[in-house]
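A.B. asks: generate coordinates for the sequence data below:
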Amino acid sequence: MKLRDFDLNLLLAFDALMKETSVSKAAECMFITQSAMSHALNRLRDLLDDPILVRTSEGMKPTPRAKSMKLQVREILREIQHIVGEPKHFHPSTSKHQFIIEVADYVEYMLLPPLKEKIYHNAPGVDILIEKPKHSFPEKTLEEGKTDLLLGFNRDIDSPSRFIKEILFEDKRVCLLRKDHPLVKKKKLSLEQFLKMDHLRISPTGNKSGVIDQALLSQGKERRVALVVPHFLYAPHILSTTDMVLSPPLRIAKQLIRFSPLKIVSLPLDIPPYQISMAWSPIREKDPAHIWLRTQIRAISNSL
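C.D. replies: The predicted structure is shown next:
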């Protein structure tokens, strides 16, 4: 007999019959009618070619074959219950889980330090591996579990509709330059001044053109991007020793002025704010460990 020909619900009936050795009591145990249980017993007898339960002077008794199957069937049902029952809980304080996250430079700078601090105190055995975002949306690695989350600018996360994407927070552009910059005496910068300056741009790919350049182009204007660097680490030293200007998100600018003689001025362009998002595969939506990670990231984003 092949498994596809066997109704697995009959294993439940078999287990109840072995426990009760009574059709009527087994029916009560399974909340079905005695007739339905009798029908299940008859099907078991046909499929297994064995009487299963036999009437004796001392009541119904299982056959040798039924006795040999009893413990195995019970173990199988217990395993199935374990598989389809409540999902395993995630215990951060004792977990040795590893998460792999693709993170844009800005998000790495803003979210990872507080995230690692949270993990250090609350989940010391949990490891975080950071990877740089690929040029295209990482469908395969997210679905295969090789990447847990993608964190970055909403405009860059071009995810297929089957993936889940959530906006975490927004940020706006400002200008950042040295405190004693000769062209900027106040906290305002005119567009004319802005266009005369040499610009520093952060781009992991080395691209000189970005959102600001597109906005200027729509007005028939352009700026000179004199230097492109891959991340924000270089920016404070470059800005504090030159007359260059950088146009970073406000939250990054606030971090950078804490350690360098720099100042923040408003950007003389009307540009929509950044939206920072995270994306993941619906395959991981109900995974307790993944839920915990997303909850930590949301909490940090809200605190910003």
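
A.B. asks: can you confirm Lys61 is in a helix?
C.D. replies: No. Using DSSP: H, G, I helix; E, B strand; the rest coil, the assignment for Lys61 is strand, not a helix.

A.B. asks: any figure for the gap between it and Leu17?
C.D. replies: 11 Å (Cβ to Cβ, to the nearest Å). C-beta coordinates here come from the backbone N, C-alpha and C atoms, glycine included.

A.B. asks: quick one: common contacting residues for these two?
C.D. replies: Counting by Cβ atoms under 8 Å, 6 or more residues apart in numbering, the residues touching both Lys61 and Leu17 are Leu53.

A.B. asks: the more surrounded of the two?
C.D. replies: Leu17 (27 against 14; other Cβ atoms under 10 Å).

A.B. asks: buried residues in the helix or strand containing the more buried one?
C.D. replies: Under the criterion of DSSP states H and E, Leu17 resides in helix 9-20. For helix 9-20, the neighbour count (16 or more other Cβ atoms under 10 Å) marks 10-18, 20 as buried.

A.B. asks: which helix is the longest one in the protein?
C.D. replies: helix 64-84 (DSSP state H).

A.B. asks: so which elements touch the helix holding Leu17?
C.D. replies: On a contact count with 3 or more Cβ pairs under 8 Å, 6 or more residues apart in numbering; DSSP states H and E, helix 9-20 meets helix 23-30, helix 34-48, helix 64-84.

A.B. asks: make a markdown table out of those and add mean neighbour count and distance to Asp243.
C.D. replies: As requested, these are exported to a markdown table (neighbours: other Cβ atoms under 10 Å; distance: least, Cβ to Cβ, whole Å):
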| stretch | mean neighbour count | distance to Asp243 |
| --- | --- | --- |
| helix 23-30 | 18 | 83 |
| helix 34-48 | 16 | 87 |
| helix 64-84 | 12 | 66 |
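
A.B. asks: dump those into JSON lines; add distance to Ile297 as well.
C.D. replies: Below are the helices and strands packed on helix 9-20 laid out as JSON lines (distance: least, Cβ to Cβ, whole Å):
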{"stretch": "helix 23-30", "distance to Ile297": "45"}
{"stretch": "helix 34-48", "distance to Ile297": "50"}
{"stretch": "helix 64-84", "distance to Ile297": "30"}
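
A.B. asks: can you redo those helices as JSON lines with mean pLDDT and distance to Tyr274?
C.D. replies: Converted to JSON lines, the helices and strands packed on helix 9-20 look like this (pLDDT from 0 to 100; distance: least, Cβ to Cβ, whole Å):
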{"stretch": "helix 23-30", "mean pLDDT": "93", "distance to Tyr274": "58"}
{"stretch": "helix 34-48", "mean pLDDT": "93", "distance to Tyr274": "62"}
{"stretch": "helix 64-84", "mean pLDDT": "89", "distance to Tyr274": "43"}
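
A.B. asks: what's the closest of those to Arg258?
C.D. replies: Distance to Arg258, taken as Cβ to Cβ, is lowest for helix 64-84 among the helices and strands packed on helix 9-20, at 51.7 Å.

A.B. asks: report the distance from stretch 189-201 to the chain centre.
C.D. replies: 39 Å (Cα atoms, centre = their mean, to the nearest Å).
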